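[1] Below are the sequence and a predicted model; questions follow.
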Amino acid sequence: MADADIGLIGLAVMGRNLVLNMADNGYRVAIYNRTYARTTSLLNDAGPLADRLIGCESLDQLAAAIRPPRPVALMIKAGEAVDQQVAALRPLLSGGDIIMDCGNANYHDTVRRFAELQPTGLVYMGTGVSGGEEGARYGPAIMAGGTREGYGRVEDILTSISAKYEGESCAGFMGTDGAGHFVKTIHNGIEYADMQMIAEIYMIMRHALGLSPAEMGDIFERWNKGPLESYLIEITGKILKTADPDTGKPMVDVILDRAGQKGTGRWAAIEALDLGIPATTLEGAVAARALSAFKDQRLAAEKLYPLDLDRPEINDRDAAIAGLERALLAGKICAYAQGFAIMAASSERAGWNLPLNQVARVWRAGCIIRSRFLNVISAAYDANPDVTNLLVEPGFVAMMSDSQKDLRSVVSLAAESGLPIPSLSSALAYFDAYRTGRLPADLIQAQRDFFGAHGFERTDRDGGGFHGPWAMG
Ligand code: 6PG
């Protein structure tokens, strides 16, 4: 009997947890996995929730088990597997049914799949889901794309299973075709920058201030009660206070310093470059992960360039720690200003009309970058939907004016100590360039004109295409 509210394909940990979350919220879910053993294992582990699950051994069974118009969620590996799955589902579904890709797809693929399915009457909804395993189980942030009508058909399910911020659901419709996956990509780009800047502060605490992991853990715990309050600060505090059960050493000390990446941060940086939007904190974070992977080269280079710097003395440790907190806030403001600028530019290019105030709202709970700070961003977009750059919005001007000096001190302390902080230092460079009325781009223009007759505009006349009196040769 076709009485399931939704189908879900892909029962690895994220899919499994989403299914349990849906069932918890009273929905009947038809479930399918390529290997049936995963389906039975979920049915066995679901306890009383198993009554709301329909285990399917084939896609035909899955399609037959869902009440039309049928929403089918995919929680499978991004890439070719999604195309194969869509191709297999296509003949089994009919007009009005929805395929909702909940993985971390490249939004360009989502745009293509949306267009390919449009003539069939099927609605393709690229839907970003953030919050890791725990979020999937108890409430993720959900960034849906596709069509508004399609969203209307799954809205109840998505808002029920999503995280709630003071009672408000953290699920929302971002726009047509690839908008949902695009917003998720920028979420991840910001996530990379946020994580990298926290890691840079940790490096300074450790090597310039000589703090132990446990001491740093206490500081992050304290910071989590202030303006930096966020999931990433919270888990950083917990991580730093965790000992390795095997050796008793701080856990971070036994973890190899080689960061992984699956691609979404890089996609965000590529998007920024493609749009001509400066996003240096995100790019710095992607590059930092890439550089971390060259472990052997770094170890060899360390021998060639041993640090024989006179490290600056820090006389007042508490004041230095308070400065680090404000510097991190200043860096974070720049990262979010960049991330939101990418979204504004992409929205205009794609004609998405992204609801940026709602993006900030959806991110306030459930997702990896959830934080108190996002309230200030949503308020800024509520007050002015046409924000040029968050750096010039009143709330941010006040915060940045308070904290920029500390970012400056931290960047110079790191430079003098030989500590690499690519995201924080590029945040400062971005801020300084953004607040400088006249940049040395006059010289760049002159150089371009000198070697390539590219022409320039003048400060004292209208129009362009002027040339300098350069002597050739
Ligand atoms: C989230 C996370 C999630 C995942 C990333 C990690 O929002 O829940 O961003 O999507 O953890 O894929 O990406 P990397 O492996 O690139 O760090």
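    Happy to help now that I have it. Bear in mind the structure is a predicted one, so any value in this text is a computation, not a measurement.
[2] contacts, neighbours, all on C-alpha from now
    Fine.
[3] Okay, strands next: where are they in the protein?
    Assigned by DSSP state E, the strands in the chain fall at 6-9, 29-32, 53-55, 71-74, 98-101, 123-130, 141-146, 164-165, 168-169, 171-176.
[4] between those, which gets nearest to the ligand?
    Closest to the ligand of the strands of the chain, according to CA to the nearest ligand atom: strand 123-130, at 3.5 Å.
[5] Quote the end-to-end distance of stretch 204-220.
    Taking CA to CA, to the nearest Å, stretch 204-220 runs 14 Å from one end to the other.
[6] what's the model's confidence in that stretch, averaged?
    Computed over stretch 204-220, the mean pLDDT rounds to 96.
[7] Up against the ligand, what does the stretch 101-250 of the chain have?
    130-132, 188 (CA under 6 Å from any ligand atom).
[8] can you pull the contacts of the residue lying closest to Leu11 once chain neighbours are set aside?
    Excluding its sequence neighbours, the residue lying closest to Leu11 (CA to CA, 6 or more residues apart in numbering) is Asn33, at 5.7 Å. By CA atoms under 8 Å, 6 or more residues apart in numbering, the residues touching Asn33 are 9-11, 39, 57.
[9] Out of these, which sit inside helices?
    Thr39 (DSSP state H).
[10] got the contacts of Asn33 as TSV, with pLDDT and neighbour count columns?
    Supplementary listing: these in TSV, determined by pLDDT from 0 to 100; neighbours: other CA atoms under 10 Å:
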residue	pLDDT	neighbour count
Ile9	98	24
Gly10	98	21
Leu11	98	25
Thr39	98	24
Glu57	97	17
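[11] before we move on, back to that, which one, of the strands of the chain, ends up nearest to Arg258?
    The closest of the strands of the chain to Arg258 is strand 123-130. By CA to CA, the value is 23.4 Å.
[12] That closest one - contacts with which helices or strands?
    Applying 3 or more CA pairs under 8 Å, 6 or more residues apart in numbering; DSSP states H and E, we find strand 123-130 packed against strand 98-101, helix 107-117, strand 141-146, helix 148-161, helix 179-207.
[13] Disregarding flanking residues, what is the spatial nearest neighbour of Tyr138?
    Take Tyr138 and drop its neighbours on the chain: the residue closest to it by CA to CA, 6+ apart is Asn21, 6.1 Å away.
[14] my bad, Gly79
    Counting by CA to CA, 6+ apart, the residue nearest Gly79 is Ala105, at 6.8 Å.
[15] quick one, what contacts that neighbour?
    78-79, 126, 181.
[16] Would you point out the most distant pair within the residues of the stretch 101-250 of the chain next to the ligand?
    Longest span within these, CA to CA: Gly132 and Asn188, 12.0 Å.
[17] of those two, who's got more company?
    Ranked by neighbour count (other CA atoms under 10 Å), Gly132 and Asn188 place Asn188 first, with 25 against 17.
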